[in-house]
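Trainee: need the 3D shape of this:
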Amino acid sequence: MQRERLTPERIRAFTCPDGVKQAFLWDTEAPRLAVRATAGAKSFIFESKLNRQTIRVTIGNVKAWVLESVWEGKGAERRELQRGAREEANRMQALVDQGIDPRQEKAERATTAAAKRDQVQRDKTSALVAWADYIEARRHQWQELHLKAHIDAAKTGGEDRTRGKKGKIAPGILRPLLTLPLAQITATRVQAWLKDEASRRPTRARGAYVILRAFINWCAYQPDYSGQVQPDACAAQMTRQELPPKRAKKDSLLREQLPAWFDNVRNLKSPVCAAYLQCLLLTGARPGELILLKWIDVDMRWNSLTLRDKIEGERIIPLTPYVRSVIATLPRGEWVFASPRDPDKRMSDPNATHDRACERAGIEALTLHGLRRSFGSLSEWVESPAGVVAQIQGHKPSATAEKHYRVRPLDLLRMWHTRIETWILEQAGVALPATDQEPPLRLIRSNTAASR
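Mentor: Numbering: from 1, shown residues only. As a prediction, the model looks like this:
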């Protein structure tokens with residue numbers, strides 16, 4: 001065993017002899033330290049015995065490591081700038097004396113360092129990465145409009161508007177938060193964001209907050225994101241204090257408003273949009289489920305419509321005479337309410353078009369969902385049973401009798417539904433389509449009275 005006091009000159013002069021795979025030059029000051037020379041490189045190594053077994057650890061290349069540590073300062077302020085090979089060998093020997101394998105300790109340090117690097121990288125990654133995974137994992141459970149709401153909430157924006165007022169499309173309402181690293185979406189940031197949005201658009205802010213909260217909760221249970229997300233970002237009391245109050249809307253058409261509403265809606269430039277709005281009022285359907293209606297869901301023989309119900313999956317409602325006459329004029333493709341620009345796609349939500357029609361009619365603040373609410377309200381004028389209206393509209397039964405003891409066939413629903421439609425059209429001054437399906441309500445009422 002060749003042993004000399006290691007110096008930079010002796011390390012440079014030391015080489016591996018020909019015909020030998022490796023050679024060692026041992027240090028006299030740190031007995032467990034050596035320079036190992038091979039045909040291609042030289043490195044510092046540590047060798048000792050632990051539990052009667054020889055262990056060897058490579059410290060590093062002699063070009064990357066200095067022999068003696070480099071220090072800065074004096075006294076209590078003295079600190080090590082660069083660890084030397086001798087100090088590292090002595091440190092490893094101290095571990096061996098304690099029964100600790102330096103190889104295991106080195107592997108653990110490497111693992112810790114890699115974990116820190118990964119954490120730093122994750123901290124730099126925006127929440128949009130997790131958002132994309134969230135949408136991909138949940139989209140099969142969402143309806144189309146719910147998925148669209150998530151996509152719109154995170155959209156980049158900046159594109160030119162293709163219709164309506166000129167300008168650029170604004171970024172999604174959640175975009176300012178989602179461009180941050182996931183770990184930086186804290187309760188304080190959410191509170192500031194919510195306070196700003198609630199002052200300008202409270203209803204949208206509340207809806208976006210609900211979406212964000214579901215996303216944060218999902219991340220908290222995912223192994224890839226649980227260590228980054230702040231679980232209380234949307235749960236802190238100070239955040240909820242900024243949440244706009246939830247107010248139930250009560251917009252609904254009055255009986256005397258029906259003529260003006262029908263007159264302006266029926267004269268819209270787009271026949272598809274006009275048909276959709278009239279059918280929305282006369283079916284009481286949810287705007288999202290009616291706009292997804294396809295021709296395969298329309299049964300002209302048995303006069304029925306199959307809607308994608310968000311509660312039950314699907315429900316079948318009557319195809320009343322006027323609704324049938326309206327949709328019969330529409331072009332046949334995949335969608336009943338197809339886009340005028342692209343027949344292979346469904347039309348976009350006609351909120352703005354409906355708002356303009358209502359403005360011309362002198363009707364204020366009537367939403368698309370308000371048309372659904374109008375159907376339920378106007379149906380009381382013909383004294384239709386509440387359970388019938390609830391079944392047509394897809395509401396959950398509100399009593400035990402309704403839930404377990406009322407099974408109304410489609411023809412019974414059609415009788416009442418046609419009666420509701422007829423009354424609404426009469427009040428609106430709209431001509432009724434020719435039909436021989438006048439519901440025998442007098443007969444039913446007389447039979448009911450006789451049974452009493």
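
Trainee: which stretches of the stretch 251-400 of the chain form strands?
Mentor: 298-299, 304-307, 315-318 (DSSP state E, counting those that start in this stretch).

Trainee: export those to a markdown table and tack on distance to T422?
Mentor: Bear in mind the C-beta positions are built from the backbone N, C-alpha and C, glycine included. Compiled in a markdown table, these are given as follows (distance: least, CB to CB, whole Å):
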| stretch | distance to T422 |
| --- | --- |
| strand 298-299 | 21 |
| strand 304-307 | 18 |
| strand 315-318 | 13 |
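
Trainee: verify the stated contact: R206 with L212.
Mentor: No. Taking contacts as CB atoms under 8 Å, R206 lies outside contact range of L212: 10.8 Å.

Trainee: compare those two (neighbour count), which wins?
Mentor: More neighbours surround L212 than the other of R206 and L212, with 23 against 17 (other CB atoms under 10 Å).

Trainee: quick one, what contacts that one?
Mentor: Counting by CB atoms under 8 Å, 6 or more residues apart in numbering, L212 touches 174, 177, 190, 234.

Trainee: K345: which of those is nearest?
Mentor: The closest of the contacts of L212 to K345 turns out to be L174 (CB to CB; 25.4 Å).

Trainee: once you drop chain neighbours, what's closest to that closest one?
Mentor: Sequence neighbours aside, A153 is the residue nearest to L174 in space, at 4.3 Å (criterion: CB to CB, 6 or more residues apart in numbering).

Trainee: that neighbour is in contact with I211, isn't it?
Mentor: Yes. Assessed by CB under 8 Å, A153 is found in contact with I211 at 5.8 Å.

Trainee: quickly list what's touching both of the two.
Mentor: L174.

Trainee: could you redo the strands of the stretch 251-400 of the chain as TSV and give each row mean neighbour count and distance to F262?
Mentor: Below are the strands of the stretch 251-400 of the chain laid out as TSV (neighbours: other CB atoms under 10 Å; distance: least, CB to CB, whole Å):
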stretch	mean neighbour count	distance to F262
strand 298-299	16	22
strand 304-307	18	21
strand 315-318	20	20
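
Trainee: out of those strands, which gets nearest to Q143?
Mentor: Comparison of those against Q143 by CB to CB identifies strand 304-307 as nearest, at 11.5 Å.

Trainee: strand partners (parallel or antiparallel) of the closest one?
Mentor: Counting by DSSP bridges, the strands paired with strand 304-307 are strand 298-299 (antiparallel), strand 315-318 (antiparallel).

Trainee: show me the contacts for N303.
Mentor: 318-320, 324, 414.

Trainee: cool, and L282?
Mentor: Residues in contact with L282 (CB under 8 Å, 6+ apart) are 320, 322-323, 375, 420-421, 424.

Trainee: which ones are touching I392?
Mentor: Shown in contact with I392 (CB under 8 Å, 6+ apart): 283-284, 317-318, 413, 416-417.

Trainee: widest-spaced pair of those?
Mentor: Of all pairs drawn from the contacts of I392, the one with the longest distance (CB to CB) is T283 and W416, at 13.0 Å.

Trainee: which of the two has more residues huddled nearby?
Mentor: In terms of neighbours (other CB under 10 Å), T283 is the more surrounded of T283 and W416; the figures are 26 against 23.

Trainee: in this structure the more buried one contacts S374, no?
Mentor: No. With contact defined as CB under 8 Å, T283 does not count as touching S374 (11.4 Å).

Trainee: possible to save the strands paired with strand 304-307 as CSV with distance to R308?
Mentor: Shown next, in CSV, are the strands paired with strand 304-307 (distance: least, CB to CB, whole Å):
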stretch, distance to R308
strand 298-299, 13
strand 315-318, 9
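
Trainee: quick one: closest of these to R109.
Mentor: Closest among these, using CB to CB: strand 315-318, at 62.7 Å.

Trainee: run through who's touching the closest one.
Mentor: Contacts with strand 315-318, where a contact means CB under 8 Å, 6+ apart, come from 283, 285, 303-307, 309, 391-392, 394, 410, 413-414, 417-418.

Trainee: pick out whichever of those residues sits closest to N267.
Mentor: For the contacts of strand 315-318, the nearest to N267 is T283 (21.1 Å; CB to CB).

Trainee: quick one: the closest one from W26, how far?
Mentor: 92 Å (CB to CB, to the nearest Å).

Trainee: again, but for A434
Mentor: Counting by CB to CB, the gap between A434 and W26 amounts to 110 Å.

Trainee: now do S304
Mentor: S304 sits 93 Å away from W26, going by CB to CB.

Trainee: how about A39?
Mentor: Taken as CB to CB, the span from A39 to W26 is 20 Å.

Trainee: please apply the same query to M1.
Mentor: M1 is 6 Å from W26, by CB to CB.

Trainee: of these two, who's got more company?
Mentor: For M1 and W26, the more surrounded residue by other CB under 10 Å is W26, and the numbers stand at 18 against 6.

Trainee: which helices and strands does the host helix or strand of the more buried one pack with?
Mentor: Using DSSP states H and E, W26 sits in strand 22-27. With contacts defined as 3 or more CB pairs under 8 Å, 6 or more residues apart in numbering; DSSP states H and E, the packing partners of strand 22-27 are strand 3-4, strand 33-38.

Trainee: so the longest one versus strand 22-27, what angle?
Mentor: Strand 33-38 and strand 22-27 meet at an angle of 160 degrees, taking axes from the mean of the first three to the mean of the last three CA atoms, to 10 degrees as the criterion.

Trainee: list the helices and strands strand 33-38 packs on?
Mentor: strand 22-27, strand 42-50, helix 85-97.

Trainee: tell me which residues in the helix or strand where A198 lies are buried?
Mentor: In the assignment (DSSP H and E), A198 maps to helix 187-200. The neighbour-count check on helix 187-200 (16 or more other CB atoms under 10 Å) flags 187, 189-191, 193-194, 197-198 as buried.

Trainee: which of those sits closest to G333?
Mentor: Taking CB to CB as the measure, G333 lies nearest E197 of those, at 38.6 Å.

Trainee: contacts only, for the closest one.
Mentor: Listed by CB under 8 Å, 6+ apart, the contact set of E197 reads 173, 204-205, 208.

Trainee: adding pLDDT as columns, could you present the contacts of I392 in TSV?
Mentor: As requested, the contacts of I392 are arranged in TSV below (pLDDT from 0 to 100):
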residue	pLDDT
T283	95
G284	93
I317	93
P318	95
L413	92
W416	94
H417	96
